[in-house]
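In: What would the 3D arrangement of this be:
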Amino acid sequence: MTEIKVENESSGGLAEEKVPLLVPEVEKSLVQKAISQTFESTAHLANLLPTGSVLAFQFLSPIFTNQGECDAVGRFLTAVLIALCGLSCFLFSFTDSFKDQKGNLCYGFATIHGLWIIDGSTTIPPELAVEYRLKFIDFVHALMSILVFAAVALFDQNVVNCFYPTPSDETKELLTAVPVGIGVICSMLFVAFPTKRHGIGFPLTAN
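Out: Sure, this is the predicted structure:
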């Protein structure tokens, strides 16, 4: 608390008045805001993808790219990593799960006839198989999953530095705008057309 002496005009003397010392709030720069928004967007987009695929990419990306300073071999390995993780996001969009009579959780792939159980340990009742049949919306979600994963990969600074070590101004604008645009559009589509599947790597509900 800072004491400031203020002259009292009515008495002609000095009156002590305690005025709190206000510390101005430091505003974030444009770069700091962009970095903060990037982290928030990446975290939000990652929630729309299979957990295992995202974790594998985030764990292996710094290794394959050598912290963004990769050679031809590193670029090839990084490209393979992105392709495999993107493919897993696509395939896992067609998976679903259910609990058998013993309460065990079983995973399978959606087909035109129902759900094909991966380990073949049980069979789903015919009356329930209709609910797990392959639908057009599954292909839409699979395509959006690939796009979202591409946006997550473009948000990764190690990947960007690996493929674009010295990008031009136009390239920088594209690398900033494209993933943000993909994230906004796909997030809106996921909200407008939600999926009821709870496949491999996706959160489960109480049911």
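
In: what about the closest residue to residue 132 other than its chain neighbours, how many neighbours?
Out: Ranked by C-beta to C-beta, 6 or more residues apart in numbering and with sequence neighbours excluded, the top spatial neighbour of residue 132 is residue 115, at 3.8 Å. (Each C-beta comes from the backbone N, C-alpha and C, glycine too.) A count of neighbours around residue 115, defined by other C-beta atoms under 10 Å, yields 24.

In: Low-confidence ranges, this structure, go.
Out: 1-47, 120-121, 203-207 (pLDDT under 70).

In: which is the next helix or strand following the helix or strand where residue 148 lies?
Out: In this structure, residue 148 sits in helix 136-155 according to DSSP states H and E. Next helix or strand after helix 136-155 toward the C-terminus (DSSP H and E): helix 157-163.

In: What lies in contact with that next one?
Out: Contact with helix 157-163 is made by 61-62, 65-70, 74-75, 78, 82, 153-154, 167, 175, as judged by C-beta atoms under 8 Å, 6 or more residues apart in numbering.

In: Among those residues, the buried ones, what's the ChimeraX command?
Out: Buried members of the contacts of helix 157-163, defined by 16 or more other C-beta atoms under 10 Å, are picked up in ChimeraX with:
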select :61,65,66,68,70,74,78,82,153,154,175
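
In: Could I get the CA-only coordinates of stretch 137-157 as CSV?
Out: In CSV, the C-alpha atoms belonging to stretch 137-157 read as follows (Å, rounded to 0.1, in the frame of the first residue of the first chain):
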residue,chain,number,x,y,z
ILE,A,137,-21.8,-41.2,-41.7
ASP,A,138,-18.9,-43.6,-40.7
PHE,A,139,-17.1,-42.7,-44.0
VAL,A,140,-17.7,-39.0,-43.3
HIS,A,141,-16.2,-39.3,-39.8
ALA,A,142,-13.3,-41.3,-41.1
LEU,A,143,-12.5,-38.6,-43.7
MET,A,144,-12.8,-35.9,-41.1
SER,A,145,-10.5,-37.9,-38.8
ILE,A,146,-7.8,-37.9,-41.4
LEU,A,147,-8.2,-34.1,-41.9
VAL,A,148,-8.1,-33.5,-38.2
PHE,A,149,-5.0,-35.6,-37.8
ALA,A,150,-3.4,-33.6,-40.6
ALA,A,151,-4.2,-30.4,-38.7
VAL,A,152,-2.7,-31.8,-35.6
ALA,A,153,0.5,-32.8,-37.5
LEU,A,154,0.7,-29.3,-39.0
PHE,A,155,0.4,-27.8,-35.5
ASP,A,156,3.5,-29.8,-34.5
GLN,A,157,6.5,-27.5,-34.8
